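> below is the sequence, then the predicted model.
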Amino acid sequence: MKDEFEWIESITPKKNHQPTMIEGIGDDAALIRPETEFDDILCVDTKVENIHFSRKTMSPYQIGYKALAVNISDVAAMGGAPKFFLVSIAIPQDWTEEELQEIYRGMEDLADKYTVDLIGGDTVSTSGPLVVSVTAHGRVQKDRKLLRKNAQQGDTVFLTGPVGLSAAGLELLLEDQVSDDFKSLLDAHQLPEPQVGAGLLLAESGFKIALNDISDGLASESHEIAEASQVHIQLRYDQLPVVDEFNHFTAGQVLDWMLYGGEDFQLVGTVPREDWPALEKLFSENGQPLHEIGEVVEGNKGVTLQKGDDLIPISKKGYNHFSQ
């Protein structure tokens, strides 16, 4: 990169989506207008090359897309709509300007899909690996907070879609088993889809919902809800949604991916049992999937899996992408 200011100009968006933005890139800081009916959501996520992503399994475009998707998913897990984002990037010498443009193009395409505006960030050089840090801002209607601490005994546990696909896709990529037969698994890892629509529906329902996005695996995210709410979550093996592509693998592989894989960005949550039929109907009417996968039961805080007549304790661990 020859000139920092030319670089900033090249990544400055040519259009804006959000009417509450007063000033974006160009000054020392951005200015955005608050909305009195909403609470603000702020989240940040940092990705480091060869720890969180690898050029062996991700193109520059996919790296950028996924870096923003992670943050949009966090906003969705709060029942909010994403509005703005900032990007800080530390660039080593072995990355070309064309590759960096592709990273921002990946973010731009996802941002356009969810009408999110890039409003600033920071660019520095580094002697270490590439580091991409994204900070996202969203808004959620007041009194519609979907917090981990909201679960209570008797609740239904639900999932917005199948999990384990991203971990399966990563394993295929690492083993160079790239095939159109596994496209949905590869896309789940390289181009994950944040569940913004589902999060907004959950907030719209008005029910008392505990919610998490599946970034570190179903087991870990269920544990986080159980710990925050001081409850025991019992998942049911036979109710976990699966995809046809899983038929190519062993049941043990699939279960490990589903519980510990992570990076699917589906939403797992709980809702009072009496509100479950209405929530299921709301999702059906809006063409959104929703799966009952367990319940909150009496017992010490934790997570178990009911598989046939067995109750299996589920540990709180996540998938480590580069320890396999």
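Done, it's in. All values reported here derive from a predicted model rather than from experimental measurement.
> how close does Ser127 get to His52?
Relative to His52, Ser127 is positioned 19 Å away (C-beta to C-beta, to the nearest Å). Backbone N, C-alpha and C define where each C-beta goes, glycine included.
> residue ranges in the stretch 51-200 of the chain under the pLDDT threshold?
Along the stretch 51-200 of the chain, no part satisfies pLDDT under 70.
> show the residue spans covered by the helices in it.
Applying DSSP state H, counting those that start in this stretch to the stretch 51-200 of the chain gives helices spanning 60-76, 97-113, 165-174, 183-190, 196-205.
> out of those, nearest to Val132?
Distances from Val132 to each of the helices of the stretch 51-200 of the chain were compared by C-beta to C-beta, and the smallest falls on helix 60-76, at 4.8 Å.
> report the angle between that closest one and helix 97-113.
Relative orientation of helix 60-76 and helix 97-113, computed by axes from the mean of the first three to the mean of the last three C-alpha atoms, to 10 degrees: 30 degrees.
> what is helix 60-76 packed up against?
strand 38-48, strand 81-91, helix 97-113, strand 131-141, helix 183-190, helix 196-205, strand 210-213 (3 or more C-beta pairs under 8 Å, 6 or more residues apart in numbering; DSSP states H and E).
> and the last one, what's buried?
Using 16 or more other C-beta atoms under 10 Å as the test for burial, strand 210-213 gives Ala210, Leu211, Asn212, Asp213.
> follow-up on the earlier one: dump the helices and strands packed on helix 60-76 to JSON lines, plus distance to Thr270.
What follows is the helices and strands packed on helix 60-76, written out as JSON lines (distance: least, C-beta to C-beta, whole Å):
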{"stretch": "strand 38-48", "distance to Thr270": "20"}
{"stretch": "strand 81-91", "distance to Thr270": "22"}
{"stretch": "helix 97-113", "distance to Thr270": "29"}
{"stretch": "strand 131-141", "distance to Thr270": "18"}
{"stretch": "helix 183-190", "distance to Thr270": "24"}
{"stretch": "helix 196-205", "distance to Thr270": "11"}
{"stretch": "strand 210-213", "distance to Thr270": "5"}
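> right, so these: which one is the most enclosed?
Ranked by mean neighbour count under mean count of other C-beta atoms under 10 Å, the helices and strands packed on helix 60-76 are led by strand 210-213, which reaches a mean of 26.
> what sits up against it?
73-74, 76-79, 146-151, 155, 194-195, 199, 202, 221-222, 224-225, 228-229, 265-270 (C-beta atoms under 8 Å, 6 or more residues apart in numbering).
> show me which of these are buried.
73-74, 76-79, 146-148, 150-151, 155, 194-195, 199, 202, 221-222, 224-225, 228-229, 265-270.
> need the CA coordinates for the helix or strand containing Ser220. CSV is fine.
Using DSSP states H and E, Ser220 falls within helix 218-229. Output in CSV follows, covering the C-alpha atoms of helix 218-229 (Å, rounded to 0.1, in the frame of the first residue of the first chain):
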residue,chain,number,x,y,z
LEU,A,218,-24.4,-25.5,20.6
ALA,A,219,-23.0,-27.0,23.8
SER,A,220,-21.1,-23.8,24.8
GLU,A,221,-24.0,-21.4,23.9
SER,A,222,-26.5,-23.6,25.8
HIS,A,223,-24.1,-23.5,28.8
GLU,A,224,-24.0,-19.7,28.7
ILE,A,225,-27.8,-19.5,28.9
ALA,A,226,-27.9,-22.1,31.7
GLU,A,227,-25.2,-20.3,33.7
ALA,A,228,-26.7,-16.8,33.2
SER,A,229,-30.2,-18.0,34.2
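> packing partners for that helix?
Short answer (3+ C-beta pairs under 8 Å, 6+ apart): helix 218-229 packs on strand 210-213, strand 232-236, helix 251-260, strand 267-271, strand 302-307.
> and these, which is most packed in?
Neighbour counts (mean count of other C-beta under 10 Å) averaged over each of these peak at strand 267-271, with a mean of 28.
> C-terminal to that one, what's the next element?
Downstream of strand 267-271 (by DSSP H and E), the next one is helix 276-285.
> what residues sit buried inside that next one?
Going by neighbour count (16+ other C-beta under 10 Å), the buried part of helix 276-285 is Trp276, Leu279, Glu280, Leu282, Phe283.
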